[in-house]
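K.L.:
Have a look; sequence and predicted model below, questions after that.
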Amino acid sequence: MKFLKVGRVAIITRGRYAGKKVVIIQPLDSGSKSHSFPHALVAGIERYPSQITRRMSKARQAKRSKVKPFIKIVNYNHLMPTRYTLELEGLKNVITNDTFKEPSQREEAKKTVKKSLEERYTTGKNRWFFTPLRF
């Protein structure tokens, strides 16, 4: 699909991560050998950072600024694209289809995603991405 491009922020609509925001790392319109349906490799936030006030200590602010990421292969039917984009440089070559074969590779990829997301959060860029959806 033409609007599901690299860097597009989407919301997962089904499953364990329903309602969580993700960034599309690699869209695969025609599918692959292991997944014959159109899907995308995504990186998202499982646990969002907590709210911070000025009177909190630096240690408490650092603890509440932590992000718990996840990486996943998601069917296009379960993604709802948004108008937002997010440039996560360097994640395209970290997360590939081979990443999901080996658990140790998966953990390494998650650590890299965590580092880049936390860095983005602390600099104050893309504030909307780091707030949970409220209904």
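P.N.:
Right, received. Where do you want to start? As the structure is a prediction and not an experimental result, all values here were calculated from the model.
K.L.:
contacts for stretch 54-68?
P.N.:
By Cβ atoms under 8 Å, 6 or more residues apart in numbering, the residues outside stretch 54-68 that reach it are 45-52, 114, 117-118, 121-122, 130. Any C-beta I mention is one placed from the backbone N, CA and C, and that applies to glycine too.
K.L.:
Check which residues of that stretch are buried.
P.N.:
Of the residues in stretch 54-68, those buried under the neighbour-count criterion (16 or more other Cβ atoms under 10 Å) are Val67.
K.L.:
Stretch 72-91 now?
P.N.:
Neighbour counts over stretch 72-91 (16+ other Cβ under 10 Å) mark 72-74, 76, 78-79, 81, 86, 88, 91 as buried.
K.L.:
Output that stretch in CSV, but only the C-alpha positions, please.
P.N.:
Extracted C-alpha coordinates of stretch 72-91, given in CSV (Å, rounded to 0.1, in the frame of the first residue of the first chain):
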residue,chain,number,x,y,z
LYS,A,72,6.8,-7.5,15.5
ILE,A,73,5.6,-8.6,12.1
VAL,A,74,2.1,-7.3,11.7
ASN,A,75,-0.5,-7.9,8.9
TYR,A,76,-1.6,-4.8,7.1
ASN,A,77,-5.2,-5.5,8.1
HIS,A,78,-4.3,-4.9,11.8
LEU,A,79,-2.6,-1.6,11.2
MET,A,80,-4.3,1.8,11.2
PRO,A,81,-1.9,4.4,9.8
THR,A,82,-1.8,7.9,11.2
ARG,A,83,-0.7,11.2,9.7
TYR,A,84,2.5,11.2,11.7
THR,A,85,5.9,10.0,10.7
LEU,A,86,9.0,9.2,12.8
GLU,A,87,12.5,9.0,11.4
LEU,A,88,14.4,6.3,13.3
GLU,A,89,17.7,6.3,11.5
GLY,A,90,19.7,3.1,11.6
LEU,A,91,16.8,0.8,12.6
